[in-house]
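K.L.:
okay, predicted coordinates and the sequence, questions at the end:
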Amino acid sequence: IGSGLVGSEMCIRDRYIDVLERGYFVMEELNGGRTVQVNPYVIQMDKFVHSLEKLTKVFVQLEKKHDLFTKTEMEEMYEKVHEKVCSNCVNKEVCLGQEAFLTYQMAHEIFCTIEEYGVELNTEVKRKIQKRCMQAPRFLRTALEVFKGARQNLMWNNKMAQNREGCAVQLDAFAQMIQHATRELDASIFADEHLEKKIRGRFSKIGVRLLSTVFFVTEDGKYEVHVTAKCAKGQCVSTKELVQIISECVGRKMVADRDERQVLGETYYTITCVEGPRFHTLQGIAKIGKGCHKISGDSFSMMEMPGGRKGLILSDGMGAGEDAFKESAMVVEMLEELLAAGFPKETAIQMLNTALVMGREEVRFSTIDMSVFDLYSGKCEFVKAGASTTFVKFSGKVETIKSTSLPIGVLPKLEVDRVVRSLCDGDFVVMVTDGVLDALPVGEQEVIMKMIIDGTSITNPKEMAHHILEQVLECSGEIPLDDMTVMVVGMWSLEK
């Protein structure tokens, strides 16, 4: 495909997205007389998204969480007290009549005192109650019971309000993801009859019948080609040979998508070809549990992600040992599932955080330290939620990537730290849990770690990870006081 075609397709794609984002659900003319019409499925999905957004607004507009009693709630509590205590009192005509305001003021003072100091009222408040009320012990006891019930209701209402807020966040994130994915997918598909005819002819020469082709161009200008084909009866062709033909026809280096079958047989099968990456990564890990125990509370994952990216996830569960491991392992597994399905990183983390906050009473948190390597551009995106410092070893220097956010599982709304760096051939990323840095002298942790990383000439990621952990343990001079994990990732160019 010539550069003119690529530029033309990208121009159409960008213009199409602009049409969608402005909400023009009509056919619009582009430069050169070509037109774009929004897919009716996109219109339908936009209606679906709009419904989700309206539902989100309903959730947000309902009763909000509040820590103190409102004036109305105070009045309701007072009504319950005087119904139980004052209704049969011989002095009610006075207390609820000409001195009604003083009686309400006394009850209000009791509620405020309980709310601020607890059930143990000070002597001054008790003296005031006894002076004004002939049933002071009963009035006080009833007020405490009413307050306790109201406080319990307030806690449940706040819990429901928190859950509604969590649902609203989830719905909004889900709606935005659907809208983005639908428009991105529809804008990415394009037709090229000449290219399809060219592939069909080349396939026919080796006895392969082409049923259909689908062409994609991503927002980064990368091509994907999906071909559905089968071989003639009694024949088979390797996927590698078919991908080579597609590469020659497209004019770009294409590779088969991961997990593709090796051979095409007599039944129709769809083969996905993507542009080959410019970089590749290797990784290594070294870890040790608290007190040299075999079970560590840290969990990690290395995964292939859509769009030619590779992700590494490191999570440190609260505490140490088996309980912390179960927590961090659950976080890593759920996050891996969401990312593999194509959820945006921030959306996946927020959804996971909301699920953890809403799903239990006690607070149990886990950190998230994620590095996502773009194997096309060489860029690395660091996403952190309460995670320890990450170190990037460039040629001649070591840079630190820090986190100021909270771990997941603490608050309903989570702010994550996000940093992007461009890596070159031979650069390394070193991810560690807080147990590694905490083992070094206070105030000098990052300086010593940078010296360890910069001072080694090891280029094997696994050996480098073990070297770093050994140096930290030697520097601390004692058994680990916390779980310790070191992950090292190296990036190298494929275009040498």
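P.N.:
Thanks, I have it.

K.L.:
what is the burial count for the closest residue to K230 other than its chain neighbours?
P.N.:
Spatial nearest neighbour of K230, excluding adjacent residues (CB to CB, 6 or more residues apart in numbering): Y268 at 4.6 Å. Yep, even glycine has a C-beta here, placed from its N, CA and C like the rest. For Y268, the tally of surrounding residues (other CB atoms under 10 Å) stands at 14.

K.L.:
show me the contacts for Y268.
P.N.:
L211, T228, A229, K230 (CB atoms under 8 Å, 6 or more residues apart in numbering).

K.L.:
so is the last one in a helix, a strand, or just coil?
P.N.:
Taken by DSSP: H, G, I helix; E, B strand; the rest coil, the conformation at K230 corresponds to strand.

K.L.:
got the contact list for it?
P.N.:
V208, R209, L211, L264, G265, E266, T267, Y268, Y269 are the contacts of K230 under CB under 8 Å, 6+ apart.

K.L.:
name the nearest residue to the fifth one, ignoring sequence neighbours.
P.N.:
Of all residues not flanking G265 in the chain, C236 sits nearest, at 5.2 Å (CB to CB, 6+ apart).

K.L.:
ok but M330 is inside a strand, no?
P.N.:
No - counting by three-state DSSP, M330 is located in no strand; its state is helix.

K.L.:
contacts for stretch 477-487, please.
P.N.:
Taking CB under 8 Å, 6+ apart as the rule, stretch 477-487 contacts 283-292, 296-298, 300, 312, 314, 316, 320, 324, 430-436, 438-439, 465-466, 468-469, 472-473.

K.L.:
out of those, which are buried?
P.N.:
In terms of neighbour count (16 or more other CB atoms under 10 Å), the buried residues within these are 283-290, 296-298, 300, 312, 314, 316, 320, 324, 430-436, 438-439, 465-466, 468-469, 472-473.

K.L.:
which residues in the stretch 101-250 of the chain form strands?
P.N.:
Using DSSP state E, counting those that start in this stretch, the strands of the stretch 101-250 of the chain run over 189-190, 208-217, 223-231, 237-238.

K.L.:
quick revisit: mind picking the two most distant members of the contacts of Y268?
P.N.:
T228 and K230 (8.2 Å; CB to CB).

K.L.:
for these two, list the residues in contact with both.
P.N.:
Residues within reach of T228 and of K230 at once, by CB under 8 Å, 6+ apart, are L211, Y268, Y269.

K.L.:
any idea which element V430 lies in?
P.N.:
Using DSSP states H and E, V430 sits in strand 427-432.

K.L.:
contacts for that strand?
P.N.:
The contact list for strand 427-432 (CB under 8 Å, 6+ apart) reads 312, 314, 369, 371, 380, 388-395, 423, 449, 453, 461, 464-465, 468, 484-491.

K.L.:
just the ones of the residues you listed in strands?
P.N.:
Per DSSP state E, strands hold the following members of the contacts of strand 427-432: 312, 314, 369, 371, 380, 390-394, 484-491.

K.L.:
thinking again about what came up before, from the contacts of strand 427-432, which would you call buried?
P.N.:
Of the contacts of strand 427-432, these count as buried by 16+ other CB under 10 Å: 312, 314, 369, 371, 380, 388-393, 423, 449, 453, 461, 464-465, 468, 484-491.

K.L.:
hmm, back to that, let's have the strands of the stretch 101-250 of the chain in a markdown table, adding mean pLDDT and distance to Q445.
P.N.:
Shown next, in a markdown table, are those (pLDDT from 0 to 100; distance: least, CB to CB, whole Å):
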| stretch | mean pLDDT | distance to Q445 |
| --- | --- | --- |
| strand 189-190 | 74 | 50 |
| strand 208-217 | 88 | 46 |
| strand 223-231 | 89 | 44 |
| strand 237-238 | 91 | 53 |
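
K.L.:
point out the most buried one among these.
P.N.:
Mean neighbour counts were compared across these using mean count of other CB atoms under 10 Å; the top stretch is strand 223-231, at a mean of 20.

K.L.:
got the angle for that one vs strand 208-217?
P.N.:
For strand 223-231 against strand 208-217, the angle by axes from the mean of the first three to the mean of the last three CA atoms, to 10 degrees is 170 degrees.

K.L.:
list the strands paired with strand 223-231, with their directions.
P.N.:
Strand pairing for strand 223-231, determined by DSSP bridges: strand 208-217 (antiparallel), strand 269-275 (antiparallel).

K.L.:
output those as a markdown table; include the columns distance to V250.
P.N.:
Shown next, in a markdown table, are those (distance: least, CB to CB, whole Å):
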| stretch | distance to V250 |
| --- | --- |
| strand 208-217 | 9 |
| strand 269-275 | 8 |
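
K.L.:
so for V255, which of those strands sits nearest?
P.N.:
Distances from V255 to each of the strands paired with strand 223-231 were compared using CB to CB; the shortest belongs to strand 269-275, at 6.3 Å.

K.L.:
how about the residue positioned nearest the centre of the chain, secondary structure?
P.N.:
The centroid of the chain falls nearest to I349 when counting by CA atoms, centre = their mean (1.6 Å). Recorded secondary structure, I349: helix (three-state DSSP).

K.L.:
so it versus T272, what's the distance?
P.N.:
Distance, I349 to T272, using CB to CB, to the nearest Å: 28 Å.

K.L.:
repeat for E327
P.N.:
According to CB to CB, E327 and T272 sit 36 Å apart.

K.L.:
and if you look at V472?
P.N.:
The gap separating V472 from T272 is 43 Å, by CB to CB.
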